[in-house]
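A.B. asks: Provided below for reference: sequence and predicted model.
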Amino acid sequence: MQNFGSGRKTIVFIIFNATFAIIFLRLFQMQILEYQFFNDKSISNSIKAIEQIPLRGVFFDRNMNIVVDNVPAYTIRITPALYNSKLDSLIETVIGEKPGYIKRILKANRIYSRFIPIRIKRGIDFKAVSWLEENAENLPGVDYIVEMQRDYPAGIRGSHIFGYTKEISPKLLEKYKDLYKPGDYIGYTGIEKAYENILRGTKGYNYVLVDSRRREIGKFKDGKDDIPSIKGNDLVLTIDEDVQRVAEEQLKGYTGAAVAIEPKTGEVIAMASAPDFDLSEFSYVTSHEYLEKLYTDPKKPFFNRATQSANPPGSTFKIMEAICALDNHIIDTNFTVTCSGGQTFYGRYFKCDARHGTLNVIHGIEHSCNVFFYNLIYKIGMVKWHQYANLFGFGKDTHIDIDDEVKGLIPSEQYYVKRYGENWPKSIMASLGIGQGEVNVTPIQLAQYAALIANDGTTYTPHLVRGYLTNDTKKLVPFSFKQINLGINKNVFNIVKEGMYLVVNGSGTAAGIKSKDIVIAGKTGTAQNPHGKDHAWFICFAPYKDPKIAIAVLVENVGFGATYAAPIAKKMVEAYLEKDKFKKEEQDQKKTFSNTLIGANFEN
Amino acid sequence: MRIDYKLNDKFDVGLIFSSILLLCIGLLAIYSSTLHNPHANGNFHKQVIWGIGAIIGFFIIYTLPTNIFKAIAIPSYLFSIFLLIVVLLIGKRVYGAKSWLGLEGIGFQPSEFAKLGTILALSYFLSNSNTDLDSFKDILISLIIGLFPVGLIMIEPDLGTSFVFLGMVLILLYWKGISTFGLFVVLSPGIVAISSLFGPYYLAGSLVAVTICLFLFRKDIFSSGSIFALNIAAGFFTKYVYEILSQHQQTRIKSFINPWADPLGAGYNAIQAKVAVGSGGLFGKGFLSGNQTQLQFIPEQWTDFIFCVIGEEFGFIGTSIVLALFFYLLLRIFKIATTTKDEFLSLTIIGILSVYFIHLLINIGMVVGIMPVIGIPLPFMSYGGSSLVLDFLMLSVVANVHRTRKNYT
């Protein structure tokens, strides 16, 4: 052992001591000096924030009846990372879905982390829930949660106005990263979309302790640090549930739309489009079959005809022409035209429905005499006609609070020059005079027009929502809307309104809907349609002396406005202005119905 | 006082006392870390039984005549080699390494026992009066004795244990008095081999460094040339071996070289281990109250990451006590090694000491983040029968030498 006690022993001894010293100092550094840093890490390590989805605001109608509500429902979820796809067929049987259903949904959600639970089906029934509960141990990665979903307790569909919510798309998620997470619901159409910011509420967080596999094992600090979610604000709509229901029921079986507006405020009392669809189907993960049906339906139920269908206004446009002529002193009530059943303009013969004889503007409206208005448009000229149509809001957006509306078309002289050249056939103007040809308007535009006439040229931008309620005091915070003032002399309106009064209450085109309790003033319209039967229009307001409701009704491909559209409008007026009587009638109907049911039971 | 003196004279109370204390602290940590783990909550009881067995083994070996160690040096080495080959053929794969032999339901790792066998054999060879570490041939024989088991263990692959062997062989050669040039000959191929794993630039750099060193040593052209050839061979052979390894083995080597390459595997454990220890603070979070431990942030914490449990639940005070016990224990062993007059026994004890020391350095170093994550157990404390039994057996060799030290004066 030649090296014993030599320098080697000392070196080994020094290395030995140095190693212990380094480890000791390192421990001192970590556990004493950097304790705070590591402790923070350790705490955040084992705490998971669980999002609390706030309750979405509900919808009240103008009389504070709940029309869109929240109800609790069970949602089955699968966490792909923990799930075994062998369970697919078993679970599909339990939740009543076809084979391949789960695979499809998981595939669609592949882009997200495999540790995020994916909602497989919302609104599963209680039997399925108890099955999940019993077999939880054998179903790794499968769970259920209670979620709030939309409910429509008022018995009105409101398909196109309420709209629906839907799981946020990856594209939108990219845009609103801070507000939403995968799987969150977002207003997708209608009011749900337009007022998403108010309805959404603020997410809360519950803090739980988790183990290294992110399994929850208890509350953190007994929930003392939890942040509760803040409920979304409730909306007060301008619609009246009764009028809305009547409009929807009356349009059933037709394609068309009905819009009612309170003339003084621009508040939309009802807006229905037919055919419609069942919003409650969208509360769940919407079934493919239902969506397929909606998309392939040739009548396009998704299409909101109230704001998106543009058709020639027919004779309803005659009021606008009359106002234009009177306001510009081109005519007065002494001006008359003699109708002999038709007249030739620029080499073309234009018919009238009857030989009306000599009549002034009031009776021209009453009888909807085409000859009178053929003559009138040539007196007004294209420029003024176009200017007044624009003034009444045609050919442009109404800026109603739900989006997706079309502008329609009000042709100008330039339009025809462009289309047919400098020498465009002036006979076209005769058609425009009776609201036919290349003039297109939407039901919402016509409803606003009716409201403007009813209220002597002033109203507000049409809207479906009056304001929202504060969460604590339930005080209404109203939204403000733009006022519209046409600046037209009241006397002008009095003249045309007298004509509209006679349409219903004289010997006019809609005398059939005359009511002894409510004085309705209106105007029929029948728009020729190259694709089939004529579209029926009716605009009206009531009561005549102090208008509280203005309505436009469109029924497509049926024929005369007086026959099809006017009775619908009348029912809506009654539902609104004779609420007590209307309610009683409705209850009587229900009673008869339930009596029949009881009878049926006895027979069994 | 006289009795005490006599007792301590024959039997080193400090050795057995500190090691049993470490075993007990280890048991507490195993209990804590397995309490909420349904797959491992039997481990505490198993470890208690292994511990009792190991202590019994300690006393059996302790009473044996000391010269038996020299007698069994070569047979135990050959038996170790045999077992290492058997385990490669019929062994059970645990955590990716084929390092377990099943015996009547009790698994054990031959590589643990190979440590003692190799220490004995190498000490035997080095203490032979004919052995001359200035001769190239004897260095080569030492290396073959020391590195043959390493080769077998590498195939398993158990990189951590291989490192322990490499370190132990080096320390023994150093202790025996290998010259600086000899040390260079031994070390340089290893450094070149490891460098080659990092990439061609590292390989080239290390070869340049070897060339410079060869010039500085001014040896004859034949020696220099063959040493350079050896280094080149080491570099390229490693690359070649690496390439024929399976994907899984390559990943293990990669994550050894760079733990951050696998942040969710080894890297994740390294981070969580540091958080556990650091968040313990001065007094710790209390027994059974460490959230990192109880929530199982570190998988298999009762084996290689047992020190985290102590750091988190008993704090700086706990880690200091453990460190102090180890310091005392190893210092005692060092003292015995230096006072033993027999060269074979001195080398054997130094070999044993180096095994403890390397385990301690790598294990605690890994937990406190000054060493890469290499999975080897902490002596006396980590869960595992084979290593615990071997730790006590090695200690009993030391105690045995201490008992009879006066016979060799």
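C.D. replies: Structure received.

A.B. asks: Which single residue of the stretch 201-350 of chain B ends up nearest chain A?
C.D. replies: Chain A sits closest to B:Gly278 of the stretch 201-350 of chain B, with a gap of 2.6 Å, by CB to the nearest CB. Heads up, the C-betas are built off the backbone N, CA and C, glycines and all.

A.B. asks: my guess is that residue meets A:Asn39, correct?
C.D. replies: Yes: assessed by CB atoms under 8 Å, B:Gly278 is found in contact with A:Asn39 at 7.3 Å.

A.B. asks: more neighbours, the two?
C.D. replies: Set B:Gly278 next to A:Asn39 and count neighbours by other CB atoms under 10 Å in any protein chain shown: B:Gly278 wins out with 28 against 16.

A.B. asks: which residues touch the closest residue to the more buried one other than its chain neighbours?
C.D. replies: Once flanking residues are discounted, B:Gly278 sits nearest to A:Phe38: 2.6 Å by CB to CB, 6 or more residues apart in numbering or on different chains. Residues in contact with A:Phe38 (CB atoms under 8 Å, 6 or more residues apart in numbering or on different chains) are A:30, B:274-275, B:277-279.

A.B. asks: quick one: which of those residues is most hemmed in?
C.D. replies: Of all these, B:Val277 has the most neighbours under the rule other CB under 10 Å, reaching 31 neighbours.

A.B. asks: which ones are touching that one?
C.D. replies: Applying CB under 8 Å, 6+ apart, one finds that B:Val277 lies in contact with A:27, A:30-31, A:38, B:307-308, B:311-312, B:319, B:367-368.

A.B. asks: try 6 Å
C.D. replies: Taking CB atoms under 6 Å, 6 or more residues apart in numbering or on different chains, we find B:Val277 in contact with A:30, B:308, B:311.

A.B. asks: repeat for A:Glu574
C.D. replies: Neighbours of A:Glu574 in contact, by CB under 6 Å, 6+ apart: A:Phe582.

A.B. asks: Shouldn't it be within a helix?
C.D. replies: Yes: A:Glu574: assigned to a helix according to DSSP: H, G, I helix; E, B strand; the rest coil.

A.B. asks: And it, how far from A:Ile568?
C.D. replies: For A:Glu574, the distance to A:Ile568 equals 11 Å [CB to CB, to the nearest Å].

A.B. asks: quick revisit: mind checking which helix or strand the residue nearest to B:Gly278 is in?
C.D. replies: helix A:35-45 (DSSP states H and E).

A.B. asks: contacts for the helix or strand that that helix is followed by?
C.D. replies: Per DSSP H and E, the first helix or strand lying C-terminal to helix A:35-45 is strand A:47-52. The contact list for strand A:47-52 (CB under 6 Å, 6+ apart) reads A:203-208, A:210, A:220, A:229.

A.B. asks: Check stretch A:543-552 too.
C.D. replies: Contacts of stretch A:543-552 (CB under 6 Å, 6+ apart): A:259-261, A:263, A:269, A:443, A:446-447, A:450-451, A:454, A:501, A:518-519, A:521, A:539-542, A:569, A:572-573, A:576.

A.B. asks: what's the answer for stretch B:340-350, then?
C.D. replies: So stretch B:340-350 is contacted by A:1, B:70, B:119, B:123, B:126-127, B:172, B:175, B:336-337, B:398, B:401, B:405, B:408-409 (CB under 6 Å, 6+ apart).

A.B. asks: what about burial for the residues you listed, which qualify?
C.D. replies: B:70, B:119, B:123, B:126-127, B:172, B:175, B:336-337, B:398, B:401, B:405 (16 or more other CB atoms under 10 Å in any protein chain shown).

A.B. asks: Take those and write them to a markdown table, including secondary structure, pLDDT and distance to chain A.
C.D. replies: Listed next are the buried ones among the contacts of stretch B:340-350 as a markdown table, based on DSSP: H, G, I helix; E, B strand; the rest coil; pLDDT from 0 to 100; distance: CB to the nearest CB, whole Å:
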| residue | secondary structure | pLDDT | distance to chain A |
| --- | --- | --- | --- |
| B:Lys70 | helix | 92 | 15 |
| B:Ile119 | helix | 95 | 16 |
| B:Ser123 | helix | 94 | 12 |
| B:Leu126 | helix | 91 | 10 |
| B:Ser127 | helix | 91 | 9 |
| B:Leu172 | helix | 91 | 11 |
| B:Trp175 | helix | 88 | 7 |
| B:Ile336 | helix | 91 | 13 |
| B:Ala337 | helix | 91 | 9 |
| B:Val398 | helix | 94 | 16 |
| B:Val401 | helix | 91 | 15 |
| B:Arg405 | helix | 78 | 15 |
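
A.B. asks: Give the residue spans of the chain that score low on pLDDT.
C.D. replies: Since you didn't name a chain, this refers to chain A. Scanning chain A with the threshold set as pLDDT under 70 gives A:1-6, A:111-115, A:210-216, A:284-287, A:590-604.

A.B. asks: meant chain B, my bad for not saying
C.D. replies: In chain B, residues with pLDDT under 70: B:1-9, B:38, B:92-107, B:244-268, B:295-296, B:408-409.

A.B. asks: Show me what from it comes close to chain A.
C.D. replies: Applying CB under 6 Å from any CB of the partner chain, we find that chain B lies next to chain A at B:177, B:275, B:277-281, B:291-292, B:295-297, B:316, B:319, B:323, B:327, B:343, B:361, B:364, B:368, B:370.

A.B. asks: What is the neighbour count of residue 85?
C.D. replies: Since you didn't name a chain, this refers to chain A. By the criterion of other CB under 10 Å, A:Ser85 has 12 neighbours.

A.B. asks: That was the other one, I meant chain B.
C.D. replies: 14.

A.B. asks: any idea how far it lies from B:Glu156?
C.D. replies: For B:Ile85, the distance to B:Glu156 - CB to CB - is 11 Å.

A.B. asks: Next, give phi and psi for whichever residue of the stretch 351-500 of chain A sits closest to chain B.
C.D. replies: When scored by CB to the nearest CB, the stretch 351-500 of chain A has A:Asn471 as its residue closest to chain B, at 36.9 Å. Dihedral pair for A:Asn471: phi -70, psi -40, per degrees, to the nearest 10.

A.B. asks: And the closest residue to it other than its chain neighbours, how far from A:Thr473?
C.D. replies: Nearest non-adjacent residue to A:Asn471, counting by CB to CB, 6+ apart: A:Lys231, 5.7 Å away. Using CB to CB, A:Lys231 is found at 14 Å from A:Thr473.

A.B. asks: Spell out the secondary structure type for A:Tyr180.
C.D. replies: Put simply, A:Tyr180 is coil when judged by three-state DSSP.

A.B. asks: That one contacts A:Ser169, correct?
C.D. replies: No: counting by CB atoms under 6 Å, A:Tyr180 does not reach A:Ser169; the two are 10.2 Å apart.

A.B. asks: Who has more neighbours out of those two?
C.D. replies: Higher neighbour count among A:Tyr180 and A:Ser169: A:Tyr180, with 17 against 12, using other CB under 10 Å.

A.B. asks: tally of neighbours for the nearest residue in space to the more buried one that is not next to it in sequence?
C.D. replies: Excluding the flanking residues, the one nearest A:Tyr180 by CB to CB, 6+ apart is A:Ile168, at 5.0 Å. Around A:Ile168 there are 20 other residues, counting by other CB under 10 Å.

A.B. asks: what does B:Phe283 give?
C.D. replies: By other CB under 10 Å, the residues close to B:Phe283 number 13.

A.B. asks: Verify the stated contact: it with B:Phe316.
C.D. replies: No: using CB under 6 Å, B:Phe283 is not in contact with B:Phe316; the gap is 7.8 Å.
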